[in-house]
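> I need the structure of the sequence given here:
(one chain, ligands or ions: 1)
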Amino acid sequence: MLKVESLVIDRETRIGDNWRQRYKQLILHDPVWFDHMPYIQFPSHWPVFTPKDKLAEFFEAYAMLLELNVWTQTNMTSAKWDAGKQYWTVTVERKTGDKIETRTFHPRHIIQATGHSGKKNFPPSRGWKTSADVYVTVQSFREPTLTLQGNAPSSSDLAIQGMTIIDVRGLVRFHRRHRPIRPLLRRQAPVDDADLILWSLPRPVHKALQQQAAALSIENDRATLEGLTKAGFKLDSGPDGAGLFFKYFQRGGGYYIDVGCSQLIIDGKIKIKQGQEIAEVLPNGLLFADGSRLEADEIVFATGYKNMRTQAEEIFGPEMAAPLKDVWGFDEEGEWRTMWRRSGHPGFWFMGATSRFAGTMADTWRCRSRHWRKA
Ligand SMILES: Cc1cc2nc3c(=O)[nH]c(=O)nc-3n(C[C@H](O)[C@H](O)[C@H](O)COP(=O)(O)OP(=O)(O)OC[C@H]3O[C@@H](n4cnc5c(N)ncnc54)[C@H](O)[C@@H]3O)c2cc1C
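Numbers count the residues shown, from 1 in each chain. As a prediction, the model looks like this:
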């Protein structure tokens, strides 16, 4: 749109394959009005919660309608920055049919958009001995299994299929998902307006508003939260009580938007073991640091990701990645670290994460109108 020449490369066969390949139950956790893309919004008949394959189709159509320059089945094989000429020399290999074509480019900028996070957090730290072949990571998970390690959106999604969740360390911020009723859609703030308001809010003001919103959501969800606590589930209310969004902004995880898992935990249909380090993965289950054992046919590790910078290191090598700063979370001025801004390396940018933050604004609005009504 800005008349900047660009080429998008992706290693998968089709646009959206990174969604198609995930576990079949995956449905977006946010309602559609949180997820709109720039230039072309989801159609008005779109379901409130988008199934992953439908999202993949939308992305493919989006790229076609906007005539985006995308090469799939393409891998970058080398990238070197020329400080004198101020451009990159990039070699890519593109597969078409049986043929692999090698091309060299000289872009002034590279944007790494490989997802919000970095390398898989697996095997987890703290000297685990992984002697067994009973486990799978959530990234390669496809079908129901029995025991699950980790606790955040993906692990809770999978647990609904009837497993035990084991959470070693974390406290989790639960947040009830908005009810999927169509009239609610019409009451949302226009997405562009919400974006503008949100992005122009100084972070401390935004945090103060979110503290109020989180307090209201805790009040609304009291019965669920008490039930979870009774079931042995440790909860928190986000950084300084600012709820889910600030946990997402600062940590990029540690929360769960309830798609049904909470009630199953409360009813004892999903069992929880929390606060115990795993000492060893056994051929038939897990051994914990306190000596207790848990038998399992299969274990899914939903142990999250490392910082996005680790992915840059893997793709571009340690020398190029050395000056890069950690991505996400806030800097001393309350701005997002490194994402969408100077990365520490000339001509190199990080882009990732959720498409927009309109939802935060919708929450803030709801919260404010409640307070205004009270006043
Ligand atoms: C269960 C779940 C529910 C979610 N629900 C929502 C929601 O409702 N709303 C929302 O806004 N967000 C949601 N998110 C978060 C959202 O999925 C991510 O923030 C978003 O997908 C990030 O988009 P992205 O384009 O930055 O990266 P991705 O969608 O991860 O795309 C990265 C692309 O890079 C390619 N790639 C990676 N490495 C290489 C390489 N070396 N060479 C070539 N190509 C490469 C991959 O093939 C992929 O196509 C959810 C996430 C999960 C796990």
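
> might you list the low-confidence residue ranges for the stretch 151-300 of the chain?
For the stretch 151-300 of the chain, residues meeting the criterion pLDDT under 70 lie at 151-189.

> just the helices in it please.
In the stretch 151-300 of the chain, the helices defined using DSSP state H, counting those that start in this stretch lie at 153-159, 182-187, 191-199, 203-220, 222-230, 243-251, 261-266.

> the domain parsing of the chain - what is it?
Structural domains annotated on the chain: 8-117+306-374, 129-301, as defined by automatic domain parsing.

> looking at the ones you listed, which is nearest to the ligand?
When the domains of the chain are compared by Cβ to the nearest ligand atom, domain 8-117+306-374 sits nearest the ligand, at 3.0 Å. For every residue, glycine as well, the C-beta is placed using N, CA and C.

> how far off centre is that closest one?
Chain-centre distance of domain 8-117+306-374: 11 Å, with Cα atoms, centre = their mean, to the nearest Å.

> rewinding a little: can you redo the helices of the stretch 151-300 of the chain as a markdown table with mean neighbour count and distance to the ligand?
Formatted as a markdown table, those follow (neighbours: other Cβ atoms under 10 Å; distance: least, Cβ to the nearest ligand atom, whole Å):
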| stretch | mean neighbour count | distance to the ligand |
| --- | --- | --- |
| helix 153-159 | 24 | 4 |
| helix 182-187 | 10 | 14 |
| helix 191-199 | 16 | 12 |
| helix 203-220 | 17 | 17 |
| helix 222-230 | 14 | 20 |
| helix 243-251 | 22 | 9 |
| helix 261-266 | 20 | 12 |
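
> point out the most buried one among the domains of the chain.
Highest mean neighbour count among the domains of the chain (mean count of other Cβ atoms under 10 Å): domain 129-301, with a mean of 17.

> element containing Pro47, please.
Assigning secondary structure by DSSP states H and E places Pro47 outside every helix and strand.

> I'd say it and Lys54 touch.
Yes: at 7.4 Å, Pro47 and Lys54 qualify as touching, with contact defined as Cβ atoms under 8 Å.

> how about Phe233: what's its closest non-neighbour residue?
Nearest residue to Phe233, sequence neighbours excluded (Cβ to Cβ, 6 or more residues apart in numbering): Ile272, at 5.5 Å.

> got the helices of the stretch 151-300 of the chain as a markdown table, with distance to Pro346 columns?
Converted to a markdown table, the helices of the stretch 151-300 of the chain look like this (distance: least, Cβ to Cβ, whole Å):
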| stretch | distance to Pro346 |
| --- | --- |
| helix 153-159 | 35 |
| helix 182-187 | 43 |
| helix 191-199 | 26 |
| helix 203-220 | 27 |
| helix 222-230 | 48 |
| helix 243-251 | 27 |
| helix 261-266 | 45 |
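
> which one of those helices lies closest to Phe350?
Among the helices of the stretch 151-300 of the chain, the nearest to Phe350 by Cβ to Cβ is helix 243-251 (15.2 Å).

> between helix 203-220 and the closest one, find me the angle.
Per axes from the mean of the first three to the mean of the last three Cα atoms, to 10 degrees, the angle that helix 243-251 makes with helix 203-220 is 140 degrees.

> show me what helix 243-251 is packed up against.
strand 173-176, helix 203-220, strand 255-258 (3 or more Cβ pairs under 8 Å, 6 or more residues apart in numbering; DSSP states H and E).
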